[in-house]
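Asks: fold the stuff below for me.
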Amino acid sequence: MEKGIRSTPREMDRILRPKEAARVLGVSRTTFWRIAKAVDFPKKICIGARAVGWSRDDLLAWMEARKR
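Replies: Predicted coordinates for the structure are as follows:
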């Protein structure tokens, strides 16, 4: 598990907005958007007309796969 992020049952499959997702990955928002363009990056989830997010579980799984 990443530092500073606690997993509670409520947060298990939370949708993270870009700012939060960048914090989970430990990168700036600009770097996050660069990484998000990668082919193997988890797909974004449309949560509104002008709002997107990413599954917290998908981001953590992606990070774990990158470690290997």
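Asks: going forward, measure contacts and count neighbours with C-alpha atoms only.
Replies: Noted.
Asks: got the contact list for the residue sitting furthest away from the middle of the chain?
Replies: Relative to the centre of the chain, and counting by CA atoms, centre = their mean, the farthest-placed residue is A49 at 19.6 Å. For A49, no contacting residues are found, by CA atoms under 8 Å, 6 or more residues apart in numbering.
Asks: start at 134, not 1
Replies: From this message on, residue numbering opens at 134, which makes the last subject A182.
Asks: quick one: it and F165, what's the gap?
Replies: 21 Å (CA to CA, to the nearest Å).
Asks: low pLDDT regions in this protein?
Replies: 134-145 (pLDDT under 70).
Asks: show me the helices in it, by range?
Replies: Per DSSP state H, the chain carries helices over the ranges 151-158, 162-169, 189-200.
Asks: pick the most buried one from those helices.
Replies: helix 151-158 (a mean of 17; mean count of other CA atoms under 10 Å).
Asks: still on that earlier bit, ramachandran angles for the residue farthest from the centre of the chain?
Replies: phi -60, psi -40 (degrees, to the nearest 10).
Asks: return the residues in contact with R147.
Replies: For R147, the contact set (CA under 8 Å, 6+ apart) comprises 188-190.
Asks: for G186, grab the count of nearby residues.
Replies: Per other CA atoms under 10 Å, the neighbour tally for G186 reads 19.
Asks: return the residues in contact with it.
Replies: Going by CA under 8 Å, 6+ apart, G186 touches 148-151, 177-180.
Asks: would you quantify the distance from it to K200?
Replies: Per CA to CA, G186 is found 23 Å from K200.
Asks: quick check: D191 touching D173?
Replies: No. Under the criterion of CA atoms under 8 Å, D191 is not in contact with D173, lying 11.2 Å apart.
Asks: quickly list what's touching both of these two.
Replies: The overlap between the contact sets of D191 and D173 (CA under 8 Å, 6+ apart) is empty.
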